[in-house]
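This is a predicted model, with the sequence first.
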Amino acid sequence: MSPEEFRRVGKQVVDWIADYYAGIEQHPVRSRAEPGEIRAGLPAHPPERGESFDDVLADLDEVLLPGVTHWQHPNFFAYFPANASGPAVLGDLLSGGLGVQGMMWATSPACTELETVVVDWLAELLGLPEHFRTDSTGGGVIQDSASSATLVACLAALQRSGQDVARRGITRRHALYVSAHTHSSVERAARIAGVGADNVRVVDSDPDTLGMDPRHLEELIAADLADGAVPTMVCATVGTTSTTAIDPVRAIGEVAARHGVWLHVDAAYAGVAAVCPELRWINDGVAEFADSYCTNPHKWLLTNFDCSLLWLANRAPMVDALSILPEYLRNEATESGEVIDYRDWQIPLGRRFRSLKLWSVLRCYGAEGLREHIRGTIALAREFAGWVREDPGFELLEPHPFALVCFRPRYSELPAAEADERTRRLLDELNDSGELYLTHTKLDGRVLLRLAIGSPQTERHHVRAAWDRIRRAA
Ligand SMILES: *Cc1c(COP(=O)(O)O)cnc(C)c1O
């Protein structure tokens, strides 16, 4: 494709995206495609001769779009948001255009140095501690996902446990600590790192707050120590995936610090809320106790997937765990020790120029614009929760500190199992309608509906319409 052809089609593609956003409400929120339907609409074999990009765009409209679930639709309330924004999409396009592989400083200095600047900027915007900054002992890095961040934290924790796991492998039983509400990525990390899922210990949660019980954590650590195991990492969550519950990070941190256990704080969804000073309380204890901290701008901070930030209080154990320098990567800058090679801060070697999209977002929205987005979506969620609370036919899960509301129809005339069945049918009916998209979770064995607000396109009238639709169908 010549630069001239690229210019022509590229403009069409940008127009396509702009039209898509402008007309997004014409689409059913959740795709109605049946399994295999999209694949059946595509040729079984690759083309022998090159086709034009216009043909690609035509198939996007005709074949693929029916199989797309519209995550940027203002009535998308499922899971957590994965919101995109103009600046992020354009930043990502530029990253694709540059086609840089930024595995080391030497392979494109700007890719590394811009990343350093934006992770430090974000640490400042979220009020994270000074030692998370790159010019201190720690530093931040952009990962593809919170799951990768958890794995990197786990490898660093294993390395710091004094067993030099990177070289000797796992020679003793290591234990990780989670609660029943912790994200499954910790168990994944345990499996991948060779710790083993059986060594992930589940700490009790407080039945009211759903937060991890620090006293039980202490007991489990003591039992593991008595058993000759190495208590290695505890994961505290700020904003659990299921209900956005918050673990008592400070109290957990005190226990972890006493036993030299690594504290990873998983704030994948909720951490970005700390751009608002009035929400900084969510990070209580992080400055004093967190060894690593993760939050995803790709969920709620207007930066399209993938963009997950991991900070460390001390980067040394991570680099010790992951750094390898084969001959073909040797270079002067690395040997000088004056540069960062982010390949040592992640699992893969290669890395994209992800900081471009986050940089675009931070510059175009400014701190003010980001706060407005967080506050606006939280305000809509509070209003929705207010409607639920006032309706005697519904139950509301409190508190709801962020932009996720969990609730269910009471169906008080029905036994619990039948009420749950009705709630599930209600959910299917709503999602099949294409008018909105919600998901569910289970708490204490009972089904709850989850409504997460996060799109910058979502306005009050969308939320009101969603509530009216839910009430009518219930
Ligand atoms: C979404 C989520 C994750 C996983 O995030 P990915 O970036 O998709 O890996 C981890 N932890 C929590 C608390 C989450 O909400």
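Arrived safely.

Against which helices or strands is the helix or strand containing residue 201 packed?
Assessed by DSSP states H and E, residue 201 sits inside strand 200-203. Here strand 200-203 touches strand 174-179, helix 185-193, helix 214-226, going by 3 or more Cβ pairs under 8 Å, 6 or more residues apart in numbering; DSSP states H and E. For glycine as for every other residue, the C-beta is placed from the backbone atoms N, C-alpha and C.

partners of the following helix or strand past the last one, with directions?
Looking back up the chat, that one is helix 214-226. Next helix or strand after helix 214-226 toward the C-terminus (DSSP H and E): strand 230-237. The strands that strand 230-237 pairs with in its sheet are strand 174-179 (parallel), strand 262-266 (parallel) (by DSSP bridges).

pLDDT of strand 230-237, averaged?
Averaging pLDDT along strand 230-237 yields 98.

now do stretch 30-39
97.

end to end, how far does it reach?
18 Å (Cα to Cα, to the nearest Å).

In it, which residues are buried?
30, 31, 33, 38 (16 or more other Cβ atoms under 10 Å).

Equivalent analysis for stretch 89-109, please.
Neighbour-count burial for stretch 89-109 [16+ other Cβ under 10 Å]: 89-93, 95, 100, 102-108.

Among the strands paired with strand 230-237, which comes closest to the ligand?
strand 262-266 (4.7 Å; Cβ to the nearest ligand atom).

Let me see the contact set for residue 293.
128, 132, 264, 265, 267, 271, 286, 310, 311 (Cβ atoms under 8 Å, 6 or more residues apart in numbering).

sec struct for it, please.
Classification of residue 293 using DSSP: H, G, I helix; E, B strand; the rest coil returns strand.

Bridged to it, which residues?
residue 265, residue 311.

Could you report the pLDDT at it?
98.

For the ligand, see how far away it is.
12 Å (Cβ to the nearest ligand atom, to the nearest Å).

Kindly report the same for residue 127.
From residue 127 to the ligand the distance is 19 Å (Cβ to the nearest ligand atom).

Burial check on the closest residue to the ligand within the stretch 251-400 of the chain, number of neighbours?
The stretch 251-400 of the chain approaches the ligand most closely through residue 268 (3.5 Å), counting by Cβ to the nearest ligand atom. Residues within reach of residue 268, counting by other Cβ atoms under 10 Å, total 27.

Tell me the secondary structure at it.
Recorded secondary structure, residue 268: coil (three-state DSSP).

any idea which of the buried residues of stretch 30-39 is closest to residue 460?
residue 30 (22.3 Å; Cβ to Cβ).

Which of the helices or strands spans that closest one?
Counting by DSSP H and E, residue 30 is part of no helix or strand.

pLDDT score assigned to the closest residue to it other than its chain neighbours?
In space, and not counting its chain neighbours, residue 30 is closest to residue 437: 4.6 Å by Cβ to Cβ, 6 or more residues apart in numbering. For residue 437, the model assigns a pLDDT of 98.

Ramachandran coordinates for residue 437?
phi -140, psi 120 (degrees, to the nearest 10).

Pretty sure it sits against residue 449.
No: with contact defined as Cβ atoms under 8 Å, residue 437 and residue 449 do not form a contacting pair (11.5 Å).

rewinding a little: among the helices and strands packed on strand 200-203, single out whichever gets nearest to the ligand.
When the helices and strands packed on strand 200-203 are ranked by proximity to the ligand (Cβ to the nearest ligand atom), helix 185-193 comes first, at 5.2 Å.

mean confidence for the closest one?
Per-residue pLDDT over helix 185-193 has a mean of 97.

So which residues of the stretch 1-150 of the chain form strands?
139-143 (DSSP state E, counting those that start in this stretch).

do the same with the stretch 301-450 of the chain
308-312, 394-396, 404-409, 439-443, 446-452.

Could you look over these and pick the most buried one?
Greatest average neighbour count among those goes to strand 308-312 (a mean of 27), per mean count of other Cβ atoms under 10 Å.

That one near the ligand anywhere?
Yes: using Cβ under 6 Å from any ligand atom, strand 308-312 reaches the ligand at residue 308.

quick check: mean pLDDT across that strand?
98.

Run through who's touching that strand.
Identification of contacts with strand 308-312 by Cβ under 8 Å, 6+ apart yields 119, 122-123, 128, 132, 138-146, 148-149, 152-153, 156, 268, 291-298, 318, 345.

now the angle between strand 139-143 and that strand, please.
In terms of direction (axes from the mean of the first three to the mean of the last three Cα atoms, to 10 degrees), strand 308-312 departs from strand 139-143 by 150 degrees.

circling back to that earlier point, nearest to residue 199, out of the strands of the stretch 301-450 of the chain?
Per Cβ to Cβ, nearest to residue 199 of the strands of the stretch 301-450 of the chain: strand 308-312, 22.6 Å.

which parts of this protein sit against the ligand?
Residues of the chain lying near the ligand (Cβ under 6 Å from any ligand atom): 80, 145-147, 183, 185, 237, 240-241, 266, 268-269, 296, 308.

How far does the longest helix belonging to the chain sit from its chain's centre?
Identified as the longest helix of the chain according to DSSP state H is helix 355-390. A distance of 16 Å separates the centroid of the chain from that of helix 355-390, by Cα atoms, centre = their mean, to the nearest Å.

most distant residue from the middle of the protein?
Distance from the C-alpha centroid of the chain peaks at residue 49, with 40.2 Å (Cα atoms, centre = their mean).

who's in contact with stretch 385-402?
Residues from elsewhere that reach stretch 385-402 (Cβ under 8 Å, 6+ apart): 239, 243-244, 246, 269-270, 273, 279, 282, 378, 381-382, 405-410, 443, 448, 467, 471, 474.

so what's residue 238 bridging to?
Bridge pairing for residue 238 - DSSP bridges - gives residue 246.

doesn't residue 430 make contact with residue 470?
Yes: using Cβ under 8 Å, residue 470 is in contact with residue 430, at 6.5 Å.
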